[in-house]
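>>> quick one: sequence and predicted model below, then my questions.
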Amino acid sequence: MTNEFHAMLDRFVLVYLDDILVYSRLLEDHLEHLRRVLETLRRAKYKANRDKCEFVRQELEYLGHFVTPEGICPLSDKIQAIQEWSESRNVTDVRSFLGLAGYYQRFIKGYSKIAAHLTKLQCEDRPFDFGEDARESFFALKAVLLSAEVLHIYDPLLPTRVTTDASGYDIGVVLEQHDGVDWHPVEYFSKKVPVVHSIDDARKKELLVFVHALKQWRHFLLGRSQFRWVTDYNPLVFYKIQDTVNSTISQWMTFIDQFDFFPDHIPGKSNRFADALSRRPDHCTAVYSTFEIDNDLRDSFIRGYQADPEFRDKYANCSSPNPAPSHYQIQEGYLLVHTRGKDLPCVPSDPHLRTRLLGEFHNAPATGHFGVNCMIGRLRKRFWWPGLLGDVNRYCESCEVCRRCKSRNHRPYGELRPLPVPLRRREAIVMDITGPFPKHKTGMDGILTVVDRLTKFAMFLPCRYHAKAQELAEKDWVERLPNVELAYNSSIHPAIGMPPFEFEHGSPVTSPLDTIIPRAVESDDHLLFLRRMQELLVKARD
């Protein structure tokens with residue numbers, strides 16, 4: 001159906017399966033549009049059921065909504081069905097209820113907060129308990145749907161504003177338009193902030209909200225006349241003239257510059273809509289309890305510098321108005337030392353802090369419990385502290401997972417014969433199948449490993465080790481396989497002296513810590529990049 005109406009779609013026709021909606025501003029235009037639609041149906045040899053057709057209507061039901069000149073609201077019979085819904089007895093009932101209620105969440109301010117306790121019940125790895133919190137959320141959601149707001153239909157000719165706010169680990173956004181009398185909501189939007197961004201500074205977090213808003217309403221805002229961006233974070237009004245920006249903010253600014261808008265600051269107390277959507281204490285608790293790198297990381301570094309005899313004087317010197325010349329400097333509160341051609345953050349001798357960093361580069365899913373050499377290679381690219389090698393050795397030796405799972409014995413190697421060195425990437429690959437493993441729910445019980453012989457870049461692909469695998473307990477190893485692949489490709493390979501990922505793509509893998517720890521900015525000169533890639537090829541062949 002969409003192929004036949006391709007030239008008319010989003011101009012005056014909407015098609016969903018076999019439902020066709022024709023819309024126009026003027027009656028004369030509407031009659032012409034109807035004629036073209038009916039002619040198209042005749043040419044395509046489609047037939048319309050006269051009893052199901054409605055012509056020249058100002059109000060109609062479409063895809064579960066009641067559309068009027070004043071705006072859009074949920075259908076009354078759908079709301080009535082939600083009101084008559086009985087209490088859920090299992091996960092399937094909860095998902096069915098949230099599926100229907102969530103279809104109308106753009107009408108409800110703070111929907112995610114209201115439905116939070118019901119959302120938690122969808123997890124199948126915990127006992128189902130429809131307790132008081134879930135019951136309260138269930139009835140609150142029913143009540144708020146009865147008073148759902150009428151959202152105005154977006155008009156590209158009306159003045160438009162996007163109001164944003166970030167708080168804790170959530171963002172809230174409101175799209176509004178002015179009809180000549182007052183501002184009216186077109187749509188609400190709120191969500192959790194990705195964990196990596198939630199630990200960054202306020203400037204980055206607030207800018208991230210605007211990026212999410214532009215992505216959410218790109219079809220409304222891209223290419224239209226200038227709209228207004230309202231934020232309660234005053235420095236963002238001058239975001240284009242910031243002295244320093246990191247690579248992430250630079251990418252966001254490039255995306256933002258596609259749109260025509262002007263920023264406007266209002267005090268936080270006046271930002272009532274977006275602020276309410278972003279104040280979500282339940283989400284803050286969840287993130288703090290599951291992610292180990294918190295907002296106090298920079299403060300932990302600073303306290304450690306002041307208490308560490310190794311760095312105390314250096315930090316005080318760099319903090320003074322007229323510091324003595326040295327290889328040290330302070331950036332964003334971190335003490336950096338110039339070593340091996342880079343400015344690396346110094347890590348004070350705080351046992352808790354160093355243990356956290358060691359765990360991040362050894363225990364995390366994307367680091368894969370690799371050995372001492374790989375771990376040292378990761379850390380030396382990002383940090384410096386005296387005795388790093390000894391700390392890494394002790395940490396790996398004390399890792400219970402490594403001691404339990406890594407074998408120190410292997411069969412004698414066969415006779416080794418050298419293979420010709422490839423001249424280009426992906427010119428020669430090697431493959432091997434490993435298994436059998438516990439059977440996954442998809443039937444996979446083996447891993448096909450594919451390695452580029454030049455760059456050592458690997459791909460781990462789930463496969464069937466045997467055509468008829470033994471029925472074993474289902475495991476989640478297939479879901480974890482991408483983490484294993486990333487851990488291997490981001491570790492230094494002894495044959496080439498660098499991570500295969502960096503060799504393959506020209507840049508290293510980014511760690512969550514890289515978003516909050518200062519790093520040297522890589523040159524974006526394409527000639528330098530090509531020269532570096534050529535040098536890597538020569539180094540690998542040698």
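In hand now; what should we look at? As the structure is a computational prediction, the values presented were derived from the model and not from experiment.
>>> in stretch 30-39, what counts as buried?
Under the neighbour-count criterion of 16 or more other C-beta atoms under 10 Å, stretch 30-39 has 30, 33, 37 buried. For the C-beta atoms, the positions are set from N, CA and C on the backbone; glycine is no exception.
>>> do I have it right that the first one meets residue 22?
When you say that, I think you mean residue 30. Yes. Between residue 30 and residue 22 a contact is recorded at 7.1 Å, counting by C-beta atoms under 8 Å.
>>> pull the number of nearby residues for residue 51.
5 (other C-beta atoms under 10 Å).
>>> quick one: the helices in the stretch 101-250 of the chain?
If DSSP state H, counting those that start in this stretch is used as the criterion, the helices of the stretch 101-250 of the chain fall at 111-114, 116-120, 132-146, 195-198, 202-216, 218-221, 247-256.
>>> out of those, which gets nearest to residue 315?
Across those, the minimum distance to residue 315, taken as C-beta to C-beta, is reached by helix 202-216, at 24.2 Å.
>>> tilt between that closest one and helix 247-256?
Relative orientation of helix 202-216 versus helix 247-256 (axes from the mean of the first three to the mean of the last three C-alpha atoms, to 10 degrees): 40 degrees.
>>> out of the helices of the stretch 101-250 of the chain, which gets the lowest mean score?
Lowest mean pLDDT of the helices of the stretch 101-250 of the chain: helix 195-198, a mean of 48.
>>> secondary structure element for the residue lying closest to residue 395 once chain neighbours are set aside?
Closest residue in space to residue 395, ignoring its immediate chain neighbours: residue 358 at 4.6 Å, by C-beta to C-beta, 6 or more residues apart in numbering. Secondary-structure element containing residue 358, defined by DSSP states H and E: helix 351-360.
>>> and that helix, average pLDDT?
Across helix 351-360, pLDDT averages out at 83.
>>> repeat for stretch 427-441
Stretch 427-441 comes out at a mean pLDDT of 78.
>>> in it, what's buried?
Here stretch 427-441 shows 435, 436, 437, 439, 440 as buried, counting by 16+ other C-beta under 10 Å.
>>> what do you get for stretch 101-113?
101, 102, 104, 105, 106, 107, 108, 109, 110, 111, 112, 113.
>>> ok, the first one - contacts?
In this structure, residue 101 makes contact with 82, 115, 141, 145, judged by C-beta atoms under 8 Å, 6 or more residues apart in numbering.
>>> who's in contact with the residue nearest to residue 395?
Contacts of residue 358 by C-beta under 8 Å, 6+ apart are 375, 379, 391, 392, 395.
>>> before we move on, which element is the fourth one in?
Assigned by DSSP H and E, residue 392 belongs to helix 388-397.
>>> dump the C-alpha coordinates for stretch 142-159 into CSV.
Extracted as CSV, the C-alpha positions of stretch 142-159 are listed here (Å, rounded to 0.1, in the frame of the first residue of the first chain):
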residue,chain,number,x,y,z
LYS,A,142,-5.5,4.3,35.9
ALA,A,143,-6.4,7.6,37.6
VAL,A,144,-3.9,9.7,35.6
LEU,A,145,-5.1,8.3,32.3
LEU,A,146,-8.6,9.6,33.1
SER,A,147,-7.3,13.1,33.2
ALA,A,148,-4.7,12.8,30.3
GLU,A,149,-4.1,16.2,28.6
VAL,A,150,-5.2,17.0,25.1
LEU,A,151,-2.0,17.5,23.1
HIS,A,152,-2.2,20.1,20.4
ILE,A,153,-1.4,19.1,16.8
TYR,A,154,2.0,20.3,15.7
ASP,A,155,1.8,23.3,13.3
PRO,A,156,5.1,24.2,11.6
LEU,A,157,3.9,27.8,11.2
LEU,A,158,3.4,28.5,15.0
PRO,A,159,6.1,29.7,17.4
